[in-house]
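Peer 1: Build the 3D model from these lines:
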Amino acid sequence: MTAQHTHLVKAMGAEDTSVRLQAAMAVGSRADPVFLETLVERCAVEPDFFVRDMLSWALTRLPSDITLPRLHKELGSECGQARSQALHTLSKVDDKSTWGWITRDLLRDADDEVARTAWRVAVVLVPDGEERTLADELVRQLGRGDRDMRLSLSRALVDLGEESRPALAEAAEHPDPVVAAHARATEVLRQNPEAGFDAAVEEAKRTVVLGPERRVAEA
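Peer 2: Numbering: from 1, shown residues only. All right, here's what the predicted structure looks like:
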């Protein structure tokens, strides 16, 4: 590693966020495989969103035959941010052959940020014919987390289009009213992507509370 390489590696760990951002940009512009390990390691600890995104961009500039195996290894890391950022970078690479790496464990990850990133990436990478299977898996997470978490899941299911409809219809009758309402709100968004999520949730809650008899009467 040359003195210039060493300088950039040190800069990626600098205290100043702008210095780290410029260093990641410079590394990406060089597209030199010598930076692979440093980029991956920085992804796991970098606190700034924009710097992390630049690190991911820099990784996509490297040859995929060395980058993808390293990202695959990172998906098994004990560090949540490492898993999440590796998933995010996979979405940028957009290599359909990595679909099998988005496992059930990642889709159900206890770390909310990892799970929501896995949902988004799975929708990007899912091959033709697997959309319904993915939808069946995603609906298992309905009702999870806070508003932003639920919105992320709804968006993933909406992006699957018509293939998510059967799974959402079944989940809409779930005995847990939180799950049922989330499913119904997601179906509203699927049919009308312009509908507001909060309004859809409130309407879905009201519909669930009414019960099947009142819903039929209002139809």
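Peer 1: which sections of this structure are below the confidence cut-off?
Peer 2: 1, 209-219 (pLDDT under 70).
Peer 1: where do the helices sit along this protein?
Peer 2: 3-11, 17-30, 36-45, 49-60, 64-74, 80-93, 104-107, 112-125, 131-138, 147-159, 165-171, 177-191, 197-218 (DSSP state H).
Peer 1: Would you mind getting the angle between the first one and helix 36-45?
Peer 2: Helix 3-11 and helix 36-45 are oriented at 10 degrees to each other (axes from the mean of the first three to the mean of the last three C-alpha atoms, to 10 degrees).
Peer 1: Pipe the helices of the chain into TSV and attach mean neighbour count per row.
Peer 2: Every residue, glycine included, has its C-beta placed from N, CA and C. What follows is the helices of the chain, written out as TSV (neighbours: other C-beta atoms under 10 Å):
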stretch	mean neighbour count
helix 3-11	14
helix 17-30	19
helix 36-45	19
helix 49-60	21
helix 64-74	15
helix 80-93	22
helix 104-107	16
helix 112-125	22
helix 131-138	18
helix 147-159	20
helix 165-171	18
helix 177-191	22
helix 197-218	14
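Peer 1: Quick one: neighbours of residue 14, just the number.
Peer 2: The burial count assigned to residue 14 is 13, neighbours taken as other C-beta atoms under 10 Å.
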